[in-house]
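Asks: With the input below, show me the fold.
(one chain, ligands or ions: 2)
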Amino acid sequence: MKETREFQTESKELLNLMINSIYTNREIFLRELISNASDAIDKYKYLALTSKGKLPSKDYEIRLINDEKARTLTIIDNGIGMSKEELINNLGTIAKSGSKDFIKKFKEAQEQKDINIIGPFGVGFYSAFMVAEKIEVRTKSVDSEACLFTSSGQDSYTIEDCDKEESGTEIKLYLKKTSKKKAEESEDFDRFLRSYELEHLVKKYSDYIRYPIKMKVKTSKPKLDKDGKEIEGKYEDVIEDKVLNSMIPLWRKNKKDVSDEELADFYRNKFADYEEPLFSVFLKVDGLINYDALLYVPSHAPYNLYSDNYEKGLQLYSKGIFIQEKCADLIPDYLKFVKGLVDSDTFNLNISRELLQKSPALKKIADNIEKKIVDRLKDCKKEDYDKYLKFWEIFGEHIKFGIYSSYGVKKELLKDLLVFRSLLNEDKYISLKDYQEKMPKDQKAIYFASGETIEGIKLLPQIEKYKKEGKDVLLLDKRIDEFCLLMMRDYEKLEFKSITAENQDDLSKADQERLDFLNKEHQDFLNTLKEGLGDLVDQVSFSLNLVEAPVCIATKEGLSLGMEKTLNEQPGAFEKVKASKVLKINPDHELCQALLKFETDKETLKNYASLLYEEAMLLEGFEIKNRQEFVKKLNDLMLKSLNK
Ligand code: ADP
Ligand code: MG
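Replies: Ligands and ions are numbered 1, 2, ... in the order given. You can find the predicted model right below:
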């Protein structure tokens, strides 16, 4: 029975893009179909190897058949095949998670007339519609009847039963007509019928496919006589199978035989990215545990990196045979954006997920991989700082998360990857080492200030003093920053000190004495202000750390204001945490001196206390809590001064 079905909406959209766009790189369709065929054989082979003899192993192959008369090109595999349901699910809808992302990029690229961006993108099965006006897919899975899918890439496709003995898939492309004007390569579809052209494309894109890609080719051979001896000078055309690819997986080749370009191409192809990776790391480890690994840091965050359904992990192979798509234990959480694969002969094909997880060998490999990636980043930081900063802008927070989430255990490994914006280095990022080397000899701590934005932090009242004294301050505008530094505690024995924390005053002895005196002398004054503020602050006291500003908010050891905010905004933060706040007053400010004249007038002082508090909070980058009261008091003040 023949059924007609509609493509899913997104599929239609993608098909439309494929069919109608002027595409310069149509030839990649072959790579896509061959890679699907190879995946299908991988899956079959794995099933067969783990079926305890129930499923026979086969002579696995991918075959190309080019029929110049019928103008068809057929790609055949003897892999796992598809059932009817799978056909509908896999080809009638967008299977690949990246495809939606691709549609978006594709449209943007077209608007900007930049079609190059799409060249290397893996677009899967549908890319075949760039070269074919009709496609037939005959397929049979291991345990169901054979099925035929036919489509011309319009809105619908048909599905019907068909004959096919062996499991696997045959994809027949009815190539588009080459226009009379021809000439332009992108419109020349005949070339996909020519043997040497196909051979060239396989070499170019699919050389490392681990199954033989075979095609019948015509070669000229010396003619043989009756005894099987060559007749000199006489040749004849013979048609015979030729294996077009070298079949060595890229990662099993010698390092020196693999170029950076090949590594990058492999990445784009395998991990369906349209951009080159930022870093490629090729490891070949011979030791107690042997393994090869290809590791990549993408040049942009995977589009779903921050969604719950993002799965980290590396592909796992054993002796070149695929075992697992995403082995999560091979990569720590903080490097979850790393893509790649590991091939080791240590693992048994039948190994269960549980055993694999517990395997000490896996742990060793994972540790080593982590170290190699970090080393690579360190090297880059030394050799190509701009490139490193590009990495940092995209993934820097993950590195900080690595320190934080390990409770500081990874501090030694990661500390020299950290870079920060800073007060004296305006627009540049500096490392902690830079900070340490450039700071005055008598400085005993690394200072930092945090806030929502760099501009906002620079407005903090407490920062003026540091600017004046030429002491640098790290400017932390990411929420994870303070938590990361908290876990680190120190860098090379230098403590981290928040400039907005209480007791930061590294004051001279004389100043310290003066401060003690002031706090004692005006105790009533301070107490009255505290009374006026109630629970808003834990304490009111003087500070000699302010230059221009009359007041600021400091926090006592532990939580900072930023951390308080972050923690209370966490989903599931039921009990609100509270930073312990101190309202700090600048005794040398005119305003303070004016207030001191009202030391005994409790009502007036109490009345102004909240204005001082709100002002300080505003400068720390927070919103005014009680707006109505604030506005009323401000208006009263204006009236008073205007009516004077
Ligand atoms: P992707 O390979 O990224 O999943 P494709 O569009 O290339 O996306 O393929 C869609 C799906 O169709 C595949 O995931 C696979 O399940 C199925 N498929 C495609 N080609 C074959 C094939 N030759 N044999 C078996 N299944 C296939
Ligand atoms: Mg594919």
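
Asks: And the pLDDT at Ala594?
Replies: In this model, Ala594 is scored at 92, pLDDT.

Asks: Contact partners for Tyr385?
Replies: By CB atoms under 8 Å, 6 or more residues apart in numbering, no residues touch Tyr385. For the C-beta atoms, the positions are set from N, CA and C on the backbone; glycine is no exception.

Asks: got the phi/psi numbers for it?
Replies: With angles defined as degrees, to the nearest 10, Tyr385 sits at phi -60, psi -40.

Asks: how much space between it and Glu276?
Replies: 19 Å (CB to CB, to the nearest Å).

Asks: do Lys253 as well
Replies: Lys253 is 20 Å from Glu276, by CB to CB.

Asks: likewise Ala501?
Replies: Relative to Glu276, and taking CB to CB, Ala501 is found at 44 Å.

Asks: and what of Phe574?
Replies: 46 Å.

Asks: Can you pick out the residue with more neighbours from the two?
Replies: Glu276 (18 against 5; other CB atoms under 10 Å).

Asks: burial count for the one residue in the stretch 201-350 of the chain that gets nearest to ligand 2?
Replies: Going by CB to the ion, ligand 2 is nearest to Ala272 of the stretch 201-350 of the chain, at 8.0 Å. Ala272 has 21 neighbouring residues, counting by other CB under 10 Å.

Asks: secondary structure element for Arg26?
Replies: Arg26 belongs to no helix or strand when elements are defined using DSSP states H and E.

Asks: Quick one: end-to-end distance for stretch 442-460.
Replies: 24 Å (CA to CA, to the nearest Å).

Asks: And stretch 537-549, by the same measure?
Replies: Where stretch 537-549 begins and where it ends lie 19 Å apart, using CA to CA.

Asks: List the buried residues of that stretch.
Replies: For stretch 537-549, burial by neighbour count (16 or more other CB atoms under 10 Å) applies to 537-547, 549.

Asks: Describe which strands the longest strand along the chain pairs with in its sheet and in which direction.
Replies: Across the chain, the longest stretch assigned as strand under DSSP state E is strand 230-243. Sheet pairing for strand 230-243, assigned by DSSP bridges, gives strand 213-224 (antiparallel).

Asks: what comes up buried for the partner strand?
Replies: Quick answer for strand 213-224 (16+ other CB under 10 Å): 213-215, 217.

Asks: same check, this time on stretch 618-633
Replies: Here stretch 618-633 shows 619-622, 630, 633 as buried, counting by 16+ other CB under 10 Å.

Asks: Stretch 501-521 now?
Replies: Here stretch 501-521 shows 501-502, 504, 515, 518-519 as buried, counting by 16+ other CB under 10 Å.

Asks: so who does the residue of the stretch 351-500 of the chain found nearest ligand 1 touch?
Replies: Ranked by CB to the nearest ligand atom, the top residue of the stretch 351-500 of the chain for proximity to ligand 1 is Arg353, at 21.3 Å. By CB under 8 Å, 6+ apart, Arg353 lies in contact with Gln324.

Asks: For it, what are phi and psi?
Replies: phi -60, psi -40.
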